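Participant: Structure of the sequence below:
(one chain, ligands or ions: 1)
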Amino acid sequence: MNRSGAIGVFDSGVGGLSVLHHIRQILPHERLIYVADSGHVPYGDKSQSYIEQRSQTLTRFLIAQGADAVVIACNTATAAAVASLRSQFSIPIVGMEPAVKPAVAATKSGVVGVLATIGTLESARFAALLEKYAGEVEIVTQGCPGLVEQVEQGELNSARTRELIARYTAPLLARGADTLILGCTHYPFLAPLIREVAGNHITLVDTGEAVARQLQRRIQTELPARISGAATVQFFTSGDAVHAAHIISVLWGEDVAAQRLPHEFL
Ligand code: DGL
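Facilitator: Below is the predicted model of the structure:
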């Protein structure tokens with residue numbers, strides 16, 4: 001039976017838009033529904049059960065809106081909640097993790113730096129990722145409290161953002177890292193500033209495009225009979241809709257509206 005579907009995408013806030021850009025490029029005919037959980041941002045310092053609950057609530061909302069596949073466009077939420085989402089929902093759930101494998105392949109100095117949230121860095125999934133892919137390469141990690149909030153405020157180039165980036169990249173560069181993993185979906189929006197601060201010779205890697213390709217593969221194999229909905233993008237937030245519309249428009253690159261989630265999903 002043919003069914004019309006949509007792709008649901010969520011993040012703690014607007015960071016997942018860096019993944020949504022790749023999804024729209026690779027799957028331009030899909031109906032996309034994005035939720036910024038801005039009322040609960042950041043996830044990086046929240047407990048696993050808190051993030052699991054939010055992820056379940058947002059997934060229920062996306063399915064109610066017609067999503068038949070969901071992308072967790074957040075490294076922190078994937079680490080905390082992908083297992084419980086997959087056990088509860090039978091639709092394809094695509095998660096993401098810091099780009100350790102491509103970074104290990106890219107480094108020439110043999111030292112890779114990871115910028116991510118504390119939640120991601122302390123997770124069992126991240127430990128398993130290092131175990132699997134680090135090999136002989138030295139991996140130096142750096143939690144980045146405050147950086148997500150700068151992106152949420154649209155401060156992609158302010159003095160405060162620059163100061164935080166300098167503080168967080170300095171120890172990694174001092175250890176000899178020539179490759180930095182942007183292990184949080186908010187950080188690709190800071191890539192120009194990170195390059196300015198860390199130097200153009202540094203390689204930056206993230207997993208946004210790989211996630212979009214993985215989504216494409218899973219749709220093709222697991223939902224072969226589906227018809228995508230009209231090629232539209234809708235934005236929802238658990239935070240303030242006016243602020244969300246403003247910052248999403250800046251990061252998405254066109255003027256868009258944002259709707260507040262119904263209260264049972266807040
Ligand atoms: N964008 C989320 C991630 O990829 C971030 C986090 C947060 O809210 O702390 O990890």
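
Participant: Kindly report the residues of this structure close to the ligand.
Facilitator: Counting by CB under 6 Å from any ligand atom, the residues of the chain close to the ligand are 11-13, 15, 41-44, 74-76, 117, 120, 148, 184-186. To be clear about C-beta, it is placed using only N, CA and C from the backbone, and glycine gets the same treatment.

Participant: In helices, which of those appear?
Facilitator: Judged by DSSP state H, helices contain the following of the residues of the chain next to the ligand: 75, 76, 120, 148.

Participant: And for residue 160, the neighbour number?
Facilitator: When neighbours are counted by other CB atoms under 10 Å, residue 160 registers 12.

Participant: should've said residue 221
Facilitator: Other residues close to residue 221 by other CB under 10 Å number 9.

Participant: all strands of the stretch 101-250 of the chain, in order?
Facilitator: 111-116, 138-143, 179-182, 203-205, 226-228, 233-237 (DSSP state E, counting those that start in this stretch).

Participant: Please save the CA atoms from the second one in CSV.
Facilitator: When you say that, I think you mean strand 138-143. C-alpha atoms of strand 138-143 as CSV (Å, rounded to 0.1, in the frame of the first residue of the first chain):
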residue,chain,number,x,y,z
GLU,A,138,45.2,10.5,20.2
ILE,A,139,41.7,11.9,20.9
VAL,A,140,41.5,15.0,23.1
THR,A,141,38.0,16.0,24.2
GLN,A,142,36.7,19.4,25.3
GLY,A,143,33.2,20.1,26.7
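
Participant: Does anything pack onto that strand? Which helices or strands?
Facilitator: On a contact count with 3 or more CB pairs under 8 Å, 6 or more residues apart in numbering; DSSP states H and E, strand 138-143 meets strand 111-116, helix 118-121, helix 159-174.

Participant: Now do it: distance to the chain's middle.
Facilitator: 19 Å (CA atoms, centre = their mean, to the nearest Å).

Participant: can you check the fourth one too?
Facilitator: Taking CA atoms, centre = their mean, one finds the center of strand 203-205 at 16 Å from the center of the full chain.
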